[in-house]
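Colleague: following is a predicted model, sequence given first.
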Amino acid sequence: MTAEYQVHGDVAVITLNNPPVNGLGYATRKAIVAGLNRAEDDAAVQAIVLTGAGAAFSGGADIKEFGTPQAMQQPNLPAVIAALEQVRKPVIAAIHSVCMGGGLELALGCHYRVVAPGCSVALPEVKLGLLPGAGGTQRLPRVLGVETALNMIVSGEAVKSEMLAALPGQKHFDKLAASPEALLDEAMAFAREVAAKHQAGAPLPLVRSLPCKHPQGDGYFGFARNMVRGMAKNFPAPLKCVDAVEAATQGKFEDGLRREGELFAQLMLTPESRALRHLFLAERAASKIPDVPADTPKRTIATVAVIGAGTMGGGITMNFLNVGIPVKLLEAKQEALDRGVATIRKNYEAQIKKGKLTQDKYEQRMALLSTTLAYADIANADLVIEAVFEDMGVKEAVFQQLDAVMKPGAILATNTSTLDVNKIAAVTKRPQDVVGMHFFSPANVMKLLEVVRGEKTAKDVLATVMALAKKIKKVAVVAGVCDGFIGNRMIEQYSRQAGFLLDEGCTPAQVDKAIEKFGFAMGPFRMGDLAGNDIGWAIRKRRYVEKPHMKYSKTADLLCEMGRFGQKTGAGWYDYQPGKRDAIPSPVVEKMLEEHRKSLGITPRKISDEEIVQRLVFALVNEGAHILEDGIASRASDIDLVYLMGYGFPLHRGGPMLYADEVGLFNVVQAMRRFAKNPYDDAAFWQPAPLLARLADEGKTFN
């Protein structure tokens, strides 16, 4: 049973028990109604308390039912809430820990609410591109006031129960319990109190009967729409939330409920909501590794060592300091160590200035950091992460040293972004302890962590690193070993297309603007200038030796030969003024491109934004399909996650693979056939990956 029924004298207690967050799945909904009916039929029961077992009252919908017929099977949530309102005995919600989404809507359907301090209260549906669909937009404004409720619904952010309980005029909580432990006893005592009043003839209060008005009416909602429009950009849900709350203030409760239902149904069908729901499920799926059971024992990680105090090493270090794990930072020279520590300090001081970090937290974190110049000093670390120069010889030398000094059972991780993790592991006598932990720059900010599974990486090492990623607030995706893993292997194809577009007549600014209009945070040429064009140059030099058949535009090499490495040299694809990051189109680059086209005998043509976007994005899609086929990624949603979290792919489009699904794989393949006929492009690359061709042929999708 996912909801338990017990009677304590004259009070029936219905306890939701559907771990981990008491999701309101079909079985739970049925059990709530069965409990209500049982309590109504028992003459000895005078009142009913509804609560949740474990670590939540209820987190809302059961994600296991997303997209299945059971999600809306009767009794659906609105039907359960209607049943609550019709019970002739007082129903008291005893709320603790987490009360979100449908869980909060359920509580608002009860006659009374007693809450424990420290409970997180939210209607987070907007984060899935939806709005609350079981009366949340109609009931919350009635208990908290229109403005507070609208802010909560539009942001989706959680607010602590004691803050809400302290609001003047709030009718949300009838009582704040002394503590979570005292909640149930206090709720039962309160239930007996209201039952006595009710027997004396007092009617049972319903949230739906409360008034709902805003003194400024139209003026306030006009202002709210302007504010939300500025913030919501590509997402329709926040504006629809305003419409739904406005409906709560304009007529009968039933009319408002109907309007909420219509708006919810409209949002369910939007590609933006599909993208956000896809991301939500993708994050949960990524943590499950097909052949690594959830109960795999994990190694203890109490101390960490980081090798290399550069930008990457410093950023990696901060992730562990932030969660209270001590770090020993190792460098070859004292000056490099001093520089690295100074940068970490500077980053934290910037957070203090912005009010994001307190002085004492900063001091606690810095106290966890120690430094050394000797490998012997890190021998007892549970995990060591190497963040040295991206060169196989340098990495191998580091791992030979680590193999010699680290204690047995320590995890040896490399932060390589493209190199062969199996080759790195092979220089040690413990390849089972070696794993890739590819952080993205800046490592203290970017949420993505590519966990690279070597041929011999032990399952417990993988399980440990995935759990640790969660602890340091990263979204971890497992990748197999190949050149560039998932993200960089795909971005190379995207960058190659960007180069061919320059050959054929585009300017860097035209390509960047087209893809930024599509929704990318930054176009390929601005991105190159930010990262440093010399990094791509080094990779291409390696490619020319290893893959001489691979075709590239020569424009990026010509740029690097001019010393234009990007922002760090004040000139790249664009010009930069000292101390500023504004990308200014460069006449020098224009001239270089013109001369380059002449040398190839290419007459520049006008290229549409649509072609630019399709060539860049479909290049990602085709390489993504190869990656799935090669088993480098377990699922298409893992690839989408990498691109959403690490490469600035537009959130509202759900990642390259979902975007291809939305466009239709048949249409993607047709476009690729056109690109293959372009003499200046790479016809061999545009042959659809066998997986893509098969899915398109069968009318199927990646996800």
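Modeller: Sure thing, it's come through. Numbers count the residues shown, from 1 in each chain.
Colleague: helix/strand/coil for residue 49?
Modeller: At residue 49 the chain is in strand, as set by DSSP: H, G, I helix; E, B strand; the rest coil.
Colleague: quick check: it touching residue 14?
Modeller: Yes. Using C-beta atoms under 8 Å, residue 49 is in contact with residue 14, at 7.3 Å. Every C-beta, even on glycine, is put in place using the N, C-alpha and C of the backbone.
Colleague: neighbour count for these two, which is higher?
Modeller: residue 49 (26 against 23; other C-beta atoms under 10 Å).
Colleague: and the more buried one, what are its bridge partners?
Modeller: Residue 49 has these beta-bridge partners by DSSP bridges: residue 13, residue 92.
Colleague: and the helices in the stretch 551-700 of the chain?
Modeller: For the stretch 551-700 of the chain, applying DSSP state H, counting those that start in this stretch gives helices covering 555-561, 587-600, 609-629, 636-646, 656-663, 665-676, 690-697.
Colleague: mind listing what's buried in the first one?
Modeller: To tie it back to what came earlier, the one meant is helix 555-561. Buried residues in helix 555-561, counted by 16 or more other C-beta atoms under 10 Å: 555, 556, 557, 559, 560.
Colleague: what is it packed up against?
Modeller: Packing partners of helix 555-561 (3 or more C-beta pairs under 8 Å, 6 or more residues apart in numbering; DSSP states H and E): helix 487-504, helix 533-546, helix 587-600.
Colleague: just the third one next, same as before
Modeller: Here helix 609-629 is seen to pack against helix 487-504, helix 508-518, helix 636-646, helix 656-663, helix 665-676, helix 690-697 when contacts are counted using 3+ C-beta pairs under 8 Å, 6+ apart.
Colleague: picking that back up, could you tell me the least trusted of the helices and strands packed on helix 555-561?
Modeller: When the helices and strands packed on helix 555-561 are ranked by mean pLDDT, helix 533-546 comes last with a mean of 88.
Colleague: what's next to it, contact-wise?
Modeller: Outside helix 533-546, the residues that touch it by C-beta atoms under 8 Å, 6 or more residues apart in numbering are 390, 418, 492, 495, 528, 550, 552, 556-557, 559-560, 564-566, 572-573.
Colleague: run the chain-centre distance for the lowest-mean-pLDDT helix or strand in the chain.
Modeller: Every helix and strand in the chain was compared by mean pLDDT, DSSP states H and E; the lowest is helix 533-546, with a mean of 88. Averaged C-alpha coordinates place helix 533-546 at 31 Å from its chain's average position (C-alpha atoms, centre = their mean, to the nearest Å).
Colleague: same question for stretch 476-491.
Modeller: 18 Å.
Colleague: now it: buried residues?
Modeller: 476-482, 484-491.
Colleague: ok, of the contacts of helix 533-546, which come out buried?
Modeller: 390, 418, 492, 495, 528, 552, 556-557, 559-560, 564-566, 572-573.
Colleague: farthest-apart pair in those residues, please.
Modeller: 418 and 564 (22.7 Å; C-beta to C-beta).
Colleague: list the buried residues of stretch 346-358.
Modeller: For stretch 346-358, the neighbour count (16+ other C-beta under 10 Å) marks 347, 348, 357 as buried.
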